[in-house]
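Chemist: Build me a structure from this.
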Amino acid sequence: MPDKFITMEMVELAATEHRPELVNYLPEKYITSEILDSIFKTEDYGWRSPAGFRRYLKKNVTAKFV
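Modeler: Numbers count the residues shown, from 1 in each chain. Below is the predicted model:
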């Protein structure tokens, strides 16, 4: 779907599914700390430390941040 058709409401709703691979498909302007918190807020991933979160991102997320 072209970026121009994606809204913040759509991103927020998708983030509540807690699927980390979503980060790979989000337009860069929607990748905020609040959205990331919502995506990774689940017992399955247990982000208790920033280092653990960074390790996960390095292994599993292909999005490039500028």
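
Chemist: ok, Tyr56 touching Pro20?
Modeler: Yes - using C-beta atoms under 8 Å, Tyr56 is in contact with Pro20, at 7.1 Å. All C-beta spots, glycine's among them, are computed from the backbone N, C-alpha and C.

Chemist: Show the contacting residues for Asp3.
Modeler: Pro27 (C-beta atoms under 8 Å, 6 or more residues apart in numbering).

Chemist: Please disregard the earlier target; I meant Leu22.
Modeler: Contacts for Leu22 (C-beta under 8 Å, 6+ apart) come out as 14-15, 39.

Chemist: Can you tell me which of the residues you listed is nearest Ser33?
Modeler: Taking C-beta to C-beta as the measure, Ser33 lies nearest Ile39 of the contacts of Leu22, at 10.7 Å.

Chemist: Roughly how far does Tyr30 sit from Ala15?
Modeler: According to C-beta to C-beta, to the nearest Å, Tyr30 stands 9 Å off from Ala15.
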